[in-house]
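Participant: Take a look and give me a structure for this.
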Amino acid sequence: MLSTPDVLVIGAGQAGLGTAYHLHRLGVRDVLVLEARGIGQSWLERWDSLRLFTPRRYSTLPGLPFPPGPTPTPSREEMAGYLREYARRWGLRVRTGTPVRRLTRDGGGFCADTPAGPVRARHVVVASGAFRRPSVPAAARDLAVPQLHSADYRRPDDVPPGRVLVVGGGNSAAQLAVELAATHDVTVASAREPRYVPERALGVGLFDWLRLTRVLDADRDAWVSRRIRARGDAVVGRDLDRLRRRGVVRVLPHRVVSADGDRVGLSDGSVEEVASVLWCTGFAPDTGWVDVPGALDGDGAPRHDRGASPVPGLHWMGLPWQTRVNSGLVDGVDRDARRTAARVRRALSPAPGRQGRWLPPATWTRPSSPSRSPR
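Facilitator: Numbering: from 1, shown residues only. Okay, here's the model as predicted:
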């Protein structure tokens, strides 16, 4: 048996590490974090030029400021390095290279099956990213041209020469369309006209505005949150819109409904002939390993109320819209992790007089440059 901690955290990304940090602050010491690969590896497996669209101070976990850098927003390498330093700085017990193959009920707790043996715990926090399986429309089956999901895209050389259809209306689609426009004939197809928001307005950054107006921290059930969800994600920055206005990139507000060989049918009845397709169409639930009755809905998505599962002892972290607008961002981890840790601490009912240890002020040691992800 690998271990029998009080609390098992599955996933050593920002959500898992932030939760482990707050558990420690509340005096819950017997915490084990399992990570399938390496800390920060999921960031390194994204495309080479990826930059977060959140500024550095909005890409910070509790207890450790994000270090300054040459650009306003962090790169994928910087984010991976920051997460490794975070785990080291706070002495979090993380076992890397230990994927959880199956999670089941075990008496009053849970059992996680791993290659190193079973791990039994009273409480489990699933923070591995419930939506990780690339999602593509059914029409993809009828394509006879090369196609790629954004999860597998690394650089423009991955896309064959000729016209590429970038499908999606979010920030990933916008960033990759702009990158590919330097080397390819790019057309973007999205279900609706992309909604662009400037990175700065009146000299104030977008995320500063969102915080000042309390939009960023709005409760998920607030009217502004419902409005945002109904309108869909906005594209941060106007790079794609500028290319569209110059005629460099075509942007079509129509969803993909069919495909036949090298022809893609759109919802307005038009047909696009393409040499390749890049799907930036998001992710579906990847929770098949969670074999706990009552934990998932009929589509395999987590059942929860603000991260609390109806299954006692099971908790979710890092879900989009878990409690607020920014729950799916690094900036939103602090409050959600604090809430989750407090719920776990109450349920554990530690012995009277057991107190949490207040940690010293955070200091930053610049991490060494992370190695690039294997291809």
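Participant: C-terminal to the helix or strand of the chain with the lowest mean pLDDT, which secondary structure element comes first?
Facilitator: For the chain, counting by mean pLDDT, DSSP states H and E, strand 131-134 ranks last in confidence among helices and strands (a mean of 85). Downstream of strand 131-134, the first helix or strand assigned by DSSP states H and E is strand 147-149.
Participant: quick check: domain ranges of this structure?
Facilitator: The chain is divided into the following domains under automatic domain parsing: 7-132+283-348, 136-195+232-279.
Participant: looking at those, which is closest to residue 214?
Facilitator: domain 7-132+283-348 (9.5 Å; C-beta to C-beta). Every C-beta, even on glycine, is put in place using the N, C-alpha and C of the backbone.
Participant: burial measure for residue 68, as a count.
Facilitator: 9 (other C-beta atoms under 10 Å).
Participant: Isn't residue 256 up against residue 187?
Facilitator: No. Using C-beta atoms under 8 Å, residue 256 is not in contact with residue 187, being 11.4 Å away.
Participant: Give me the buried positions along stretch 180-188.
Facilitator: For stretch 180-188, a neighbour-count test (16 or more other C-beta atoms under 10 Å) marks 180, 181, 184, 185, 186, 187, 188 as buried.
Participant: mean confidence for it?
Facilitator: Per-residue pLDDT values over stretch 180-188 give a mean of 98.
Participant: Alpha carbons of it, as CSV, please.
Facilitator: Taking Å, rounded to 0.1, in the frame of the first residue of the first chain, the C-alpha atoms of stretch 180-188 are listed here in CSV:
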residue,chain,number,x,y,z
LEU,A,180,-1.3,30.5,-38.1
ALA,A,181,-2.1,33.6,-40.1
ALA,A,182,1.6,34.3,-40.5
THR,A,183,2.1,31.0,-42.5
HIS,A,184,-1.4,29.8,-43.6
ASP,A,185,-4.6,30.9,-45.2
VAL,A,186,-6.9,31.0,-42.2
THR,A,187,-10.6,30.9,-41.9
VAL,A,188,-12.3,30.8,-38.4
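Participant: now it, how far from the chain's geometric center?
Facilitator: When distances are taken as C-alpha atoms, centre = their mean, to the nearest Å, stretch 180-188 is centred 26 Å away from the chain's centroid.
Participant: List the contacts of the least confident helix or strand of the chain.
Facilitator: 149-152, 279, 281-286, 301, 319-320 (C-beta atoms under 8 Å, 6 or more residues apart in numbering).
Participant: would you list every one of the strands in the stretch 201-350 of the chain?
Facilitator: 204-205, 235-236, 249-252, 256-260, 263-266, 271-273, 276-279, 283-285, 290-291, 314-316 (DSSP state E, counting those that start in this stretch).
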